[in-house]
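>>> here's my sequence, what's the structure:
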Amino acid sequence: MIHQSGEKIGQSTISRTGAPRLRAGLWMSGTVSIRHNPVVQALAERLSNRRKAYKQIVCAAMRKLLHLVYGVVKSGKPFDPQIALVG
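From the prediction side, this is the model:
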């Protein structure tokens with residue numbers, strides 16, 4: 001949730017909906033993937049250049065990881081960063 005009004009931007013918070021254990025696991029995965037996954041690194045760099053808060057970047061990384069996992073499961077093919085960077 002982003003608290004924003006005109007020029008003023010407040011602190012961003014993570015929504016408390018959903019399973020807390022899943023959120024905690026995804027948070028850890030998101031922070032690690034920002035350092036080690038080239039696809040998520042590119043996303044984090046783009047968001048950081050747009051001056052997004054760290055929490056927003058990690059939440060975007062969490063969402064990106066979910067999309068990557070869904071794509072791998074749905075297609076049945078192994079993860080390929082070159083395909084993920086293009087799409």
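>>> which stretches of this structure have low pLDDT?
Screening the chain residue by residue with the criterion pLDDT under 70, one finds the ranges 1-13, 87.
>>> if we go to 90?
For the chain, applying pLDDT under 90 flags the ranges 1-20, 22-24, 53, 79-87.
>>> helices along that one, start to end?
Taking DSSP state H as the test, the helices found in the chain are 20-36, 38-49, 54-75, 81-86.
>>> what's the angle from the first one to helix 38-49?
Comparing the axes of helix 20-36 and helix 38-49 via axes from the mean of the first three to the mean of the last three C-alpha atoms, to 10 degrees yields an angle of 90 degrees.
>>> what does helix 20-36 rub up against?
14, 40, 41, 44, 57, 58, 59, 61, 62, 64, 65, 66 (C-beta atoms under 8 Å, 6 or more residues apart in numbering). Quick note: C-beta positions are derived from backbone N, CA and C, even for glycine.
>>> now the two most distant members of the residues you listed.
Comparing every pair within these by C-beta to C-beta identifies 14 and 41 as the most remote, at 21.1 Å.
>>> residue 14 reaches residue 55, doesn't it?
Yes - with contacts defined as C-beta atoms under 8 Å, residue 14 counts as touching residue 55 at a distance of 6.5 Å.
>>> spit out the contact partners of the residue nearest the centre of the chain.
Closest residue to the average C-alpha location of the chain: residue 61 at 1.3 Å, with C-alpha atoms, centre = their mean. For residue 61, the set of contacting residues under the criterion of C-beta under 8 Å, 6+ apart consists of 30, 31, 33, 34, 40, 43, 44.
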